[in-house]
Structure formats: structure tokens, C-alpha cells
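*Asks:* This is a predicted model, with the sequence first.
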Amino acid sequence: MTKLRLFLSRIPFTLLTLTGLTIAALVTNTYFQEISKHWLNRTGFAANDLWYWRIERLFTSALVTTGGGVFWEALFFVVFVVGLAEWMTGWKRTATAFWGVHLLALILLSVIMSLAAHQLRSIGLEASELERDVGPSAGYFACLGLVSAMLKRPWNWVSGSILMLVFVTILFTPAAIGESEKLKFSADLAHLLAFPLGWLFGWFGSRTD
């Protein structure tokens, strides 16, 4: 029990995040089923929400998933990626990476979608300011960037470059059958923003330690 307590005491933010996701899944009934339009409209974030000062959606969108298998996938990534980041860097740096980059990525996403939606569509990328999405992926991919940056040289640069290439490739990969092109693009762009922001946060932080 002592070892378990010591282990859990090193990952309080990860446990808090898991608790928040689980409670949200119970409230929205998304632990096995897909999210309903009602809950997606109440908790999801779209690019134009920022300009209407629906600031609470920046936070609620990170605690709710689209449900079913995606919910369990999110729990896995939080345990593995956020937990590893917290184990390596502590709860304060991990929490800052998760929430700070999540918020910054969504703000940047809103700006890009608002200013360049037409240009993006002209090169075949489906962009929409109105499509709402949910999920903590921007936060945990920021933590993945943090973990990558904290590796010893040259592995921080190697892993960062490889993962960045993966995110870019995914952005330009066509949507699967039945998958919304617009939602895929906004989610993939958020991930492409979140990972390098998390990496830079970790890299600058390691240089000041």
C-alpha cells in the first residue's frame, strides 16, 4: 500500500483528469454510447465560439469525448501520456502544458479558421468555423510534446521531428468513410498546433532547470 500511495502521489494531475473525464462521461452518458447532439451543442467548441465569448466551451470541450471507444481511448492516452509527463516533470509543468497549450491551440485554431477558411478550402482542406468538437486530445498531445522535449539529446529532436511529420501527414490524409471532413480537419489542425507548442514548452523549461 505504501508503494501504491507513493506512486499515486506523483501523478495527482493525471488522477484528477481521469476523474473529470469519468464524471463527464457519466453525466453525458458517453462511456459506451456516442455523444448526443444535445451534449455536443452544450459542451463542444467551434472556432466561432471564441468570437461570441463562449469561453466556458474552451474548458468543457476538454472534459467530454465523443463517446464509446473514443472515451476509453482518451483514458488510455491520459494514463500513458499525461501520466508519463507528470512522472518526468511534476504536476505543475504537466498541468500547465495540458491546459495552457489546450487553450492556446484552440485560440490559434479559431484565428486560423476565421482568417484563412477560404484559402484552406481552396487547397482542398475542409474548414468550418461552426463545427463543434470535444475531447482532451490537444491537451494530451501537448503532454506528448513535453515528454519528447524532455528526452536527452539527440532523441528529443529525433522524436519531435518524427512525431511532427506524423501529425502533418495525418492532417493531409483523407477522412475515413462516414467521418466528417470538417471535424477531422479541425481536430488534426489542433493536434498539429498542440504537439509543437508542448514540445517548445518542455524544451524552454529544460533549458532553465
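*Replies:* Cool, got the structure.
*Asks:* Give me the distance between stretch 138-150 and the centre of its chain.
*Replies:* Offset of stretch 138-150 from its chain centre (C-alpha atoms, centre = their mean, to the nearest Å): 10 Å.
*Asks:* how about it: buried residues?
*Replies:* Across stretch 138-150, burial judged by 16 or more other C-beta atoms under 10 Å covers 138-150. Quick note: C-beta positions are derived from backbone N, CA and C, even for glycine.
*Asks:* swap in stretch 36-55?
*Replies:* 39-40, 43-50.
*Asks:* repeat for stretch 9-22
*Replies:* By 16+ other C-beta under 10 Å, the buried positions in stretch 9-22 come out as 11, 13-15, 17-18, 21.
*Asks:* How about stretch 166-179?
*Replies:* Buried, per 16+ other C-beta under 10 Å, within stretch 166-179: Phe167.
*Asks:* what's the span of that stretch from first residue to last?
*Replies:* With C-alpha to C-alpha, to the nearest Å applied, stretch 166-179 spans 20 Å between its terminal residues.
*Asks:* Give me the contacts around it.
*Replies:* Stretch 166-179 is contacted from outside by 125, 141, 181, 184-185, 188-189, 191-192, 195, using C-beta atoms under 8 Å, 6 or more residues apart in numbering.
*Asks:* quick one on the thing from earlier: where strands are concerned, which of the buried residues of stretch 138-150 count?
*Replies:* Taking DSSP state E, every one of the buried residues of stretch 138-150 sits outside strands.
*Asks:* okay, those in JSON lines with pLDDT and distance to Thr66 next?
*Replies:* Formatted as JSON lines, the buried residues of stretch 138-150 follow (pLDDT from 0 to 100; distance: C-beta to C-beta, whole Å):
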{"residue": "Ala138", "pLDDT": "96", "distance to Thr66": "14"}
{"residue": "Gly139", "pLDDT": "97", "distance to Thr66": "15"}
{"residue": "Tyr140", "pLDDT": "97", "distance to Thr66": "15"}
{"residue": "Phe141", "pLDDT": "98", "distance to Thr66": "16"}
{"residue": "Ala142", "pLDDT": "98", "distance to Thr66": "19"}
{"residue": "Cys143", "pLDDT": "98", "distance to Thr66": "20"}
{"residue": "Leu144", "pLDDT": "98", "distance to Thr66": "20"}
{"residue": "Gly145", "pLDDT": "98", "distance to Thr66": "23"}
{"residue": "Leu146", "pLDDT": "97", "distance to Thr66": "25"}
{"residue": "Val147", "pLDDT": "97", "distance to Thr66": "25"}
{"residue": "Ser148", "pLDDT": "97", "distance to Thr66": "26"}
{"residue": "Ala149", "pLDDT": "96", "distance to Thr66": "29"}
{"residue": "Met150", "pLDDT": "95", "distance to Thr66": "30"}
